[in-house]
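Q: Give me a model of this one.
(one chain, ligands or ions: 2)
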Amino acid sequence: MDTFAVKGHVIYTKTKDEVTVTENAYIVCENGKAAGVFPSLPERFRGIEIRDFGDKLIIPGLIDMHLHAPQYAFRGLGMDMELIPWLNTYAFKEEAKYADTGYAQKKYRAFCDELKTGATTRAAIFATIHMPATYILMDMLEASGLVTYVGKVNMDRNAPDDLRETTHESYESTLAWVKDCASRYVNTKPIITPRFVPSCTGELMRSIGGIAEQYGVPVQSHLSENAGEIAWVKELHPEIASYSRVYFECGLFGHVPTVMAHCIHLSEEEMELAQQRGVYIAHCPQSNTNLASGIAPVREMLQRGMRVGLGTDVAGGFSASVLRAMGDAIQASKLYTALADRSRPPVTLSEALYMATKGGGGFWGKTGSFEPGYEFDAVVLDDSDINDAAELTPLQRFERVVYLSPEIRADAKFVKGVRIKL
Ligand code: GUN
Ligand code: FE
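A: Ligands and ions are numbered 1, 2, ... in the order given. You can find the predicted model right below:
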């Protein structure tokens, strides 16, 4: 691969505490990886191709740690219920339609186009239980150039007949799919996806936990989102001390790289377990508001040094924008400070950007930053239509994009050093 530089106002985070901004800077990309950010091009790079984006902003590709591709089609609808009735009334009915590959083809096309043209470069995605539709989604994502984990969802209890597999079917199809995907895609990888404890028997969770460990496949699920859900898990597994421990006992809690969405109501013991197991938390503030789930104690998680990224959780969240998730995380955190814990200050812009990039990026290795050695995922943003106030710094312009124009389309996008077609 060649060496080139992109030029513009470069904004990224090395730590959660500070945004690094370099105006009119060059980011050099060498063999798909960042070689550094330079205010002027070092002598050793003289003569390389320069792609000049002028006055535009350049940020690391954003990471969506949690969303549901089949729910994209009904985003913005049915936000009048809490989690369990919402799943039964809206989500499960929509997901059942993905038994029809024609439907899947059409709706997944729209989903992939949205993801590709926005500011996201990597995502951990739930599909449905349906194998053919999941392959359709994976084929489209592979063609997009984005880097994703896609989960064929496992469900063998407490689901409608048309969205429930037998334990055996669920295990067998997951195993065959994991084996098949090993050589099938470059940028699209399988991830073991028990929907959440109420949807999966212990037997199924243990067996797919075994697949995850044997084949080195990561795990994603939902954890501690809603009070009714937590009470239900207690009823289903009275012998196990906590919701987190149910996953742990089944080999689904940090035995391989693991991302758990929400984690709003974790006990002290569960917080410690999640941290000790290196579990990534996908904080999904918009979904948590829409479904009246609560506010995750993100400030505390960050202070403890836990791994936290952001998720849009489409369609619990109506927006597929991680920029929007940044703004929502800050706003939700301000309410948490005001209403729940005056002793902890709200999440800052720098922390929100960190979670949206390097924080979640760790799940993919060295991604989410422009520090040397990080995979070169970059998004160019043209904010000229809202850059109407005089004398704004690049960071102020970026802050305004977060709040005023979070649905902005990327002006250009690079993934692992390759410019993708938008
Ligand atoms: N818990 C189990 N399934 C879901 C889902 O589809 N969305 C959300 N937000 N939570 C869940
Ligand atoms: Fe979700």
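Q: On the three-state scheme, the residue of the stretch 151-300 of the chain found nearest ligand 2 is what?
A: Ranking the residues of the stretch 151-300 of the chain by distance to ligand 2 (CB to the ion) places Ala261 first, at 4.9 Å. Bear in mind the C-beta positions are built from the backbone N, C-alpha and C, glycine included. What DSSP: H, G, I helix; E, B strand; the rest coil gives for Ala261 is strand.
Q: Write down the beta-bridge partners of it, one by one.
A: The partner list for Ala261 in beta bridges (DSSP bridges) reads His222, Ala282.
Q: pLDDT (mean, whole number) over stretch 385-394?
A: In this model, stretch 385-394 carries a mean pLDDT of 87.
Q: In whichever strand or helix holds Ala329, which residues are buried?
A: Per DSSP states H and E, Ala329 falls inside helix 322-339. For helix 322-339, the neighbour count (16 or more other CB atoms under 10 Å) marks 322-333, 336-337 as buried.
Q: So which bits of the chain are right by ligand 2?
A: Residues of the chain found near ligand 2 (CB under 5 Å from the ion) are 261, 313.
Q: can you pull the pLDDT of the residue of the chain found nearest ligand 1?
A: In the chain, no residue comes nearer to ligand 1 than Gly316, which is 3.5 Å away by CB to the nearest ligand atom. Here the pLDDT value assigned to Gly316 is 98.
Q: Tell me who's in contact with the residue lying closest to it once chain neighbours are set aside.
A: Nearest residue to Gly316, sequence neighbours excluded (CB to CB, 6 or more residues apart in numbering): Ser287, at 3.1 Å. With contact taken as CB atoms under 8 Å, 6 or more residues apart in numbering, Ser287 is in contact with 262, 293, 311-313, 316-317.
Q: how about 10 Å then?
A: Going by CB atoms under 10 Å, 6 or more residues apart in numbering, Ser287 touches 66-68, 79, 83, 225, 261-262, 293, 311-319, 325, 328.
Q: and if you look at His68?
A: With CB under 10 Å, 6+ apart, His68 has these contacts: 75, 91, 94-95, 111, 125-128, 151, 153, 195, 261, 287, 311-317.
Q: repeat for Met355
A: Shown in contact with Met355 (CB under 10 Å, 6+ apart): 13, 16, 63, 65, 281-283, 298, 301-302, 307-311, 322, 325-326, 329, 347, 361, 368.
Q: what do you get if the cut-off is 7 Å, keeping everything else the same?
A: Applying CB atoms under 7 Å, 6 or more residues apart in numbering, we find Met355 in contact with 283, 308-310, 329.
Q: do Gly102 as well
A: Counted by CB under 7 Å, 6+ apart, Gly102 has zero contacts.
Q: Following element in sequence after the helix or strand hosting it, please.
A: Using DSSP H and E, Gly102 sits in helix 101-117. Scanning forward in sequence from helix 101-117 by DSSP H and E, the next helix or strand is strand 120-126.
Q: helices or strands up against the strand or helix carrying Arg397?
A: Element membership for Arg397, per DSSP H and E: helix 394-404. In this structure, helix 394-404 makes packing contacts with strand 3-15, strand 18-30, strand 49-60, helix 322-339, judged by 3 or more CB pairs under 7 Å, 6 or more residues apart in numbering; DSSP states H and E.
Q: Good, wrapping up.
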